[in-house]
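# Kindly generate the corresponding structure for this input.
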Amino acid sequence: MAFEILQRICFRFLLCSLLVGSFVTAWKEQISAIGDPGMKRDGLRVAIEAWNQCNEVHEELPHMGSPRQADCFDIYNSSSHLKLVHKVDEKYNKLGIANAERQGLKNINVNQYAAWKERFLGYKCQVQDKPNPWQFWMIMLKSGNMDTEAAICPENGKKSKPFPPESRFPCFGKGCMNMPRMYHDYTHVHHTRGVRSLRGRFYGTWDLDADISTASRTNNTSYYSVTWKKIAGKGSWIFHHFLKTSPNYPWLMLYLRSDATRGFSGGYHYQTRGMSKIVSFFILLLFFFFLLNPFLYAVFGLVFFIIFC
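Below you'll find the model as predicted:
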């Protein structure tokens, strides 16, 4: 009986403390877990990545570099002129495994290089902020094709063995797990009737022999496009996504992600860069404490209140 009373007192005390703490925090300032809440910042930070079915690269395409690119820029604005200063140029966006040795990267494969390139682009795009800096929104491309006979994807961290094709793993034959071609219209200023707007785009296809100029409207050709636009100094960025499959690439994915600014993001075994500068593991831990034992939750919350409040 005494234990139940103590449990209720602790829980009510914690609840009141959290409510008061929330009001005080909200009164002082608002802190977003996302680097650019509402996508209102004119100086956009956006990047693109491509993976195969096993969340790796395996092989780069000729003249495309590692499948990581970024469009990051700062803006210098005056009443008469709007200037964009890009942080990442074509030279950096086209970096590939062939550049690794010149960059002092030894004994590195294409998968590791892609992860390194993402961190490098994050360094170029990084915005200093509190409590942590942030880098970019991440556009993620992925193909579900898998060549079961090539045994490319690891199985539980170990090299897998070839197995016969299965209907759940589409593949037209050798090379079906290729990376997509990536093209980039860097963000630029567009003038329309006295209104200054900002526009940019990533686009491409998985069908390597396709004519990219007609791929968006040609039957039986895969195609993706992500376009962003914004009126300078007003509103938020508007993103338009377009994804089209083809007989050779029937399972395609296109996401706009807010990855962690450091550490790992869900599903990937490499360090990422992104927009989520506060990962709420602590709050998740409290939630599981509450599910397991309300008394433990109350005690843990009381300690948290004493230390941080």
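
# only C-alpha atoms for contact and neighbour calcs from this point on.
Fine.

# where are the low-confidence patches of the stretch 151-300 of the chain?
Scanning the stretch 151-300 of the chain for pLDDT under 70 picks out 155-157, 264-268, 278-300.

# how about a cut-off of 90?
The model of the stretch 151-300 of the chain has pLDDT under 90 over residues 151-169, 191-195, 258-300.

# So which residues of it form strands?
In the stretch 151-300 of the chain, the strands defined using DSSP state E, counting those that start in this stretch lie at 181-192, 195-205, 223-231, 238-244, 252-257.

# Flag every buried residue along the longest one.
Same thing as strand 181-192. Across strand 181-192, burial judged by 16 or more other C-alpha atoms under 10 Å covers 181-182, 184, 186-189.

# Contacts for that strand next, please.
Residues outside strand 181-192 that contact it (C-alpha atoms under 8 Å, 6 or more residues apart in numbering): 61, 64, 67, 71, 82, 84, 196-206, 208.

# what about stretch 141-159, how long is it end to end?
Chord length of stretch 141-159, first to last residue, is 24 Å (C-alpha to C-alpha, to the nearest Å).

# got it, and stretch 42-61?
Its first and final residues considered, stretch 42-61 spans 33 Å by C-alpha to C-alpha.

# ok, back up a step: can you go through the contacts of strand 181-192 and name the buried ones?
Neighbour-count burial (16+ other C-alpha under 10 Å) is assigned, among these, to 61, 64, 67, 71, 84, 197-206.

# Between all of those residues, which two are separated the most?
By the measure C-alpha to C-alpha, 61 and 197 form the most distant pair in the buried ones among the contacts of strand 181-192, at 33.4 Å.

# residue closest to the middle of this structure?
The residue lying closest to the centre of the chain (C-alpha atoms, centre = their mean) is residue 138, at 2.9 Å.

# how about the helices in the stretch 201-309 of the chain?
In the stretch 201-309 of the chain, the helices defined using DSSP state H, counting those that start in this stretch lie at 281-292, 294-308.

# for the stretch 51-200 of the chain, that is, sorry about that
For the stretch 51-200 of the chain, the helices defined by DSSP H, counting those that start in this stretch cover 90-93, 110-125.

# Buried deepest among these, which one?
Most buried of the helices of the stretch 51-200 of the chain by mean neighbour count (mean count of other C-alpha atoms under 10 Å) is helix 110-125; its value is a mean of 20.

# packing partners for that helix?
On a contact count with 3 or more C-alpha pairs under 8 Å, 6 or more residues apart in numbering; DSSP states H and E, helix 110-125 meets strand 68-77.

# Send over the strand it packs on as PDB, restricted to the C-alpha atoms.
What follows is strand 68-77 as a C-alpha-only set of coordinates in PDB (Å, rounded to 0.1, in the frame of the first residue of the first chain):
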ATOM      1  CA  ARG A  68      26.600  11.500 -53.900                       C
ATOM      2  CA  GLN A  69      26.100  15.200 -54.900                       C
ATOM      3  CA  ALA A  70      25.100  18.400 -53.100                       C
ATOM      4  CA  ASP A  71      23.500  21.700 -53.900                       C
ATOM      5  CA  CYS A  72      24.400  24.100 -51.100                       C
ATOM      6  CA  PHE A  73      24.700  27.800 -51.300                       C
ATOM      7  CA  ASP A  74      24.800  31.100 -49.400                       C
ATOM      8  CA  ILE A  75      22.900  34.200 -50.500                       C
ATOM      9  CA  TYR A  76      24.100  37.800 -50.700                       C
ATOM     10  CA  ASN A  77      21.000  39.900 -51.100                       C
END
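
# So for that strand, what gets flagged as buried?
68-74.

# Which neighbours in the sheet does it have, and how are they oriented?
With DSSP bridges as the test, strand 68-77 is paired with strand 45-51 (antiparallel), strand 82-86 (antiparallel).

# Quick check: mean pLDDT of it?
Strand 68-77 shows a mean pLDDT of 94.

# returning to what we had before: return the closest of the buried residues of strand 68-77 with respect to residue 174.
Distances from residue 174 to those, taken as C-alpha to C-alpha, are shortest for residue 68 (23.6 Å).

# does the residue nearest to the closest one when sequence neighbours are not counted have beta-bridge partners, and which?
Nearest-residue entry for residue 68: residue 49, 4.7 Å, with adjacent residues in sequence omitted and distances by C-alpha to C-alpha, 6 or more residues apart in numbering. Beta bridges link residue 49 to residue 68, residue 140 when assigned by DSSP bridges.

# wait, doesn't residue 49 sit right on residue 140?
Yes - between residue 49 and residue 140 there is a contact under C-alpha atoms under 8 Å: 5.1 Å.

# So for the two, which residue has more residues nearby?
residue 49 (21 against 16; other C-alpha atoms under 10 Å).

# quick one: contacts for that one?
Residue 49 makes contact with 67-69, 138-141 under the criterion C-alpha under 8 Å, 6+ apart.
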